[in-house]
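Colleague: Predicted coordinates and the sequence they were generated for:
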Amino acid sequence: MTARRFSGDRLVLASHNAGKVREIKLLLAPLGIKVLAAGDLGLDEPEETGTSFIANAELKALAAAKASDLPALSDDSGLVVHGLLGAPGIYSARWAGPEKDFGHAMNLIAEKLDGADSTAHFICALSLAWPDGHRESVEGRIDGHLCFPPRGTRGFGYDPIFVPDGYDLSFGEMDPDHKAAINHRADAFRQMLERCFDRSA
Ligand SMILES: O=c1nc[nH]c2c1ncn2[C@H]1C[C@H](O)[C@@H](COP(=O)(O)OP(=O)(O)OP(=O)(O)O)O1
Ligand SMILES: [Mg+2]
């Protein structure tokens, strides 16, 4: 099956995470597509009942596409810690609790890890869904290791404890535009561009 390609001039960005929205808008900017954020449209945050990054990305993109009657792009991502058998993984947002307290979530990781293997990777599943239910999905990744205590105040989520392979700075210390260009989201986005978009950049 060949992939369905995006044709249109508007899409909904089905994420309520300001950090992700900023990064994905940067990646989409060269395409000249009008991007409407789900929060600005007053769309609900669906419950993430899937058991994989792709399943959760598809559920979020589909909900937004149906509610807005426009193509919608979603992101489901998380931190996979090797010494914790993959936790927090798809539960990365949930470890921060309803208050979205990532200081707490990063402490939890340090506590549970207790000296075990601190290599880790981030995964980002991106899904593009249409109002008729069709979707195209990809998964990107970046490998690295964790640093404790957390370093840097830039970025969002688990950025202060993640040092990507080949760099000395944590994502929390790195220039945010540089981080956005090399991370798991950028990796997934390159695949999505190839699959579904006519590149103008
Ligand atoms: O580049 C990243 N740098 C740091 N932390 C990150 C990153 N990428 C994902 N993460 C962590 C935090 C985030 O909260 C969770 C994703 O959870 P996830 O459900 O996909 O997103 P979310 O609930 O924050 O927003 P939404 O579902 O509306 O897109 O993984
Ligand atoms: Mg979420």
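Modeller: Now that the structure is in, tell me what you want to look at. Ligands and ions are numbered 1, 2, ... in the order given.

Colleague: Contact residues of the protein facing ligand 1?
Modeller: Counting by C-beta under 6 Å from any ligand atom, the residues of the chain close to ligand 1 are 15-17, 20, 45, 48, 60, 75-79, 92-93, 122, 155-159, 171, 183. Bear in mind the C-beta positions are built from the backbone N, C-alpha and C, glycine included.

Colleague: Just the buried residues of these.
Modeller: 15, 17, 20, 48, 60, 75-79, 92-93, 122, 155-159, 171, 183 (16 or more other C-beta atoms under 10 Å).

Colleague: among the residues you listed, which are in helices?
Modeller: 20, 60 (DSSP state H).

Colleague: In strands only, show me the buried ones among the residues of the chain next to ligand 1.
Modeller: The strands, defined by DSSP state E, take in 75-79, 122 from those.

Colleague: Select, from the residues you listed, the two members most distant in space.
Modeller: Farthest apart among these by C-beta to C-beta are 75 and 79. That separation is 13.9 Å.

Colleague: Now do the same contact list for whichever residue of the chain sits closest to ligand 1.
Modeller: Residue nearest to ligand 1 within the chain (C-beta to the nearest ligand atom): residue 157, separated by 2.5 Å. Going by C-beta atoms under 8 Å, 6 or more residues apart in numbering, residue 157 touches 17, 19, 79, 92-93, 96, 102.

Colleague: Is it possible to get the residues you listed out as TSV so that each row also shows pLDDT?
Modeller: Formatted as TSV, the contacts of residue 157 follow (pLDDT from 0 to 100):
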residue	pLDDT
17	96
19	97
79	98
92	98
93	98
96	98
102	98
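
Colleague: now, which of those sits nearest residue 37?
Modeller: Using C-beta to C-beta, these come closest to residue 37 at residue 17, 10.2 Å.
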